[in-house]
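1. with the sequence up front, the predicted model follows.
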Amino acid sequence: MKTALQVVKRLDSPEAKIPPANENRPADEDRTPQQAGARWARARHVAEAFARHWLLIALVCAWQIISVKTPSLALQLPPPSAIFSATIELLHRGLLQQDIAASLKRVGTAIGIASLIGFPLGAALGGSRRFAWSVEPVVNFFRPIPPLAWIPLSILWFGIGDTQNQFIIFLAAVFPITLNTMEGVQNVERQLIRAARTLGASRFVITFTVILPTALPQMFVGLRVGTGIAWMALVAGELVAATDGLGYLINQGRFLFRSDYVIVGMVMIGLIGLLLDGIIRLAQRIVMPWRGEDRL
Amino acid sequence: MSRAGVEIRNVHKIYGQGRESVIALQDVSLDVGQQEFVCIVGPSGCGKTTLLNLLAGFEPPSSGSIHAFGSEIVAPGPDRTMMFQDYALFPSLTVKGNIEYGLKRRGIKRARRQEIVRHYIELIDLKGFESKYPQQLSGGMRQRVALARALAVNPKMLLMDEPFAALDSFTRERMQDELIQVWERERKAVLFITHNIDEAIKLGDRVAVMSPRPGRVSEIIPLTSPRPRDVDSEENVKIVRHVREILHLISTSGSAARAV
């Protein structure tokens, strides 16, 4: 899905090399769109992206009207306007920033560690049959256990706090990263490796010049999926055991009967999740210029 | 060692063991001169790709010996580069990056690399495409890059595994012409595998016909007429017919004709 945010972002920097839609087609096919035409197409793109959200906007409007007209709903479903003012209020008190920062820090640390372990582990699993022979059963044993099932044990081990939360997030992210890296490495065509060998490359050099770059798209899939799941696990972890963060905000809202706080937390989680995904996709485009637009 | 480039002597290749073993190559002997263009033609399953893999050094023969330029082949090396049917270009590298891949592995200095890349970019007529990625190129262009990449390390021998099979017939004919032009400028030993008899006759100095089950060389036919060759000339039509007879593609004694 292409978000309006991304499209707007692209439009912000027209001088940056924005590939025309057909940049990646074989060069034999004529590329006819001229500069003016391309600009037009881009403008239409943005308009379309906004137009696509009409239903969402309509639903929010309906929500506003219904909530305002039925005062009995005030607690169950405060109107968007109330949520907006709650957001402002929380920002004003500095609480929202604090919670966002706490959550992002947790998820960032955990994904960093999950990457440091998951990428090399996945590459080794995909690259060495002997390594995979003994290690894959271990991975397969732990993989189906939901990260959230680890919460009680992790509280016993780490107490309530950052480490415990990061542990849960780490567990959520590490498996998609590991398994996708493994698959990516396994799927590198044998002919590519052979071609490199005939050109005089050693196995070590081939690993870094052929195998990993070719597996990179799949590794990014792992990172994206891992980050998505990690973000969800983060909130669940914070609901149970944390003293700050967006999950904590939601939980506090529950105790205080402030459903507007709860919804502020929910909306923030959604927006930041979207933003994280967008950042990874952007990184993907920068790191892998040969891939063009990726729609996975 | 003689002046021969490549000497294949009584090579057998057997896959698997015991009852399930398959004889991929049976008693294959073949020479390729230092500047000779040899085509191997045969239906699928005749072991032609296996033979090429042995020559590249990807796997060892079960028995027999293969020498290239005076030494036995034990591993892949840049004196024998390969072109694959599916191009096998590195997707993460540009045209330039692909061509200079082997040069980098040899530790050749940047300036010299630039020079060599420029030479081959011109040779394969891909000027202006240096910074494109393989995914952005057509099939014919990709195979030209693969050719340049294989030639750039200045190998003594080029191994070509049905390199034009995936191309449409017009592009294929153009590539054949270009290959011959390039080869005439930079002579190497070439072993070119194809299942297309016309292609073999158009390109080769000699054509080795291989038959399947077990894979073996049935006959080696020298081609004497000068290039560019007209596949439809009387002489060549006869040769095509002869090859087809060897491969039993034409029913000569009432037995059922078989398609490839």
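-> On my side now, so go ahead.

2. look up how far B:F90 lies from the residue in the stretch 51-200 of chain A that chain B sits nearest to.
-> The minimum distance from the stretch 51-200 of chain A to chain B, using Cβ to the nearest Cβ, falls at A:L199 (3.5 Å). Backbone N, C-alpha and C define where each C-beta goes, glycine included. Plainly put, A:L199 is 10 Å away from B:F90 if you go by Cβ to Cβ, to the nearest Å.

3. verify the stated contact: A:A241 with A:I155.
-> Yes: using Cβ atoms under 8 Å, A:A241 makes contact with A:I155 at a distance of 5.6 Å.

4. overlap in contacts of the two?
-> A:Q164 (Cβ atoms under 8 Å, 6 or more residues apart in numbering or on different chains).

5. just for the stretch 151-296 of chain A, where's the confidence low?
-> A:292-296 (pLDDT under 70).

6. count the residues that sit near A:I250.
-> 21 (other Cβ atoms under 10 Å in any protein chain shown).

7. setting aside sequence neighbours, what's the nearest residue to it?
-> A:G265 (3.9 Å; Cβ to Cβ, 6 or more residues apart in numbering or on different chains).

8. packing partners for the helix or strand where that neighbour lies?
-> Per DSSP states H and E, A:G265 falls inside helix A:259-287. Applying 3 or more Cβ pairs under 8 Å, 6 or more residues apart in numbering or on different chains; DSSP states H and E, one finds that helix A:259-287 makes contact with helix A:4-12, helix A:80-92, helix A:95-127, helix A:212-240, helix A:246-255.

9. out of those, which one sits most buried?
-> Using mean count of other Cβ atoms under 10 Å in any protein chain shown, the stretch among these with the largest mean neighbour count is helix A:212-240, at a mean of 22.

10. chain center to that one: distance?
-> The chain centroid and the centroid of helix A:212-240 are separated by 6 Å, computed with Cα atoms, centre = their mean, to the nearest Å.

11. residues contacting residue 99?
-> I'll assume chain A. Neighbours of A:D99 in contact, by Cβ under 8 Å, 6+ apart: A:244-246, A:248-249, A:265, A:268.

12. think we crossed wires, I meant chain B
-> B:I99 neighbours (Cβ under 8 Å, 6+ apart): B:116-117, B:120-121, B:145, B:148-149, B:152.

13. picking up where we left off before, is it true that the residue of the stretch 51-200 of chain A closest to chain B touches B:D79?
-> No: contact criterion Cβ under 8 Å: A:L199 and B:D79 do not qualify, at 11.0 Å.

14. picking up where we left off before, which of the contacts of B:I99 has the most neighbours?
-> B:R149 (31 neighbours).

15. past whichever strand or helix holds that residue, which element shows up next along the chain?
-> Secondary structure assignment for B:R149, by DSSP H and E: helix B:139-152. Using DSSP H and E, the next helix or strand after helix B:139-152 towards the C-terminus is strand B:157-161.

16. and the strands in the stretch 51-200 of chain B?
-> B:63-68, B:71-72, B:80-83, B:157-161, B:189-194 (DSSP state E, counting those that start in this stretch).

17. which one of those lies nearest to chain A?
-> strand B:80-83 (4.7 Å).

18. can you give me the mean pLDDT across that closest one?
-> Here strand B:80-83 scores 94 as its mean pLDDT.

19. repeat for stretch B:132-144
-> On average, stretch B:132-144 scores 92.

20. in it, what counts as buried?
-> Residues of stretch B:132-144 classed as buried by neighbour count (16 or more other Cβ atoms under 10 Å in any protein chain shown): B:132-134, B:136-144.

21. so which of these reach chain A?
-> B:132-134, B:136-141 (Cβ under 8 Å from any Cβ of the partner chain).

22. farthest-apart pair in these, please.
-> B:Y133 and B:G140 (16.1 Å; Cβ to Cβ).

23. show me what contacts the residue nearest to B:P163 when sequence neighbours are not counted?
-> Spatially, and ignoring its direct neighbours in sequence, B:P163 is nearest to B:M83 (4.4 Å; Cβ to Cβ, 6+ apart). If you count contacts by Cβ under 8 Å, 6+ apart, B:M83 has them with B:143, B:146-147, B:150, B:158-161, B:163.

24. and B:M83, bridged to which residues?
-> B:M160 (DSSP bridges).

25. return the residues of the stretch 51-200 of chain B in contact with chain A.
-> Close to chain A, as judged by Cβ under 8 Å from any Cβ, the stretch 51-200 of chain B has residues B:56-58, B:75-78, B:80-82, B:84, B:86, B:88-94, B:101-102, B:105-106, B:129, B:132-141, B:149-150, B:153, B:159.

26. ok so, going back, for the helix holding B:R149, packing partners?
-> strand B:80-83, helix B:95-99, helix B:101-105, helix B:110-123, helix B:169-185.
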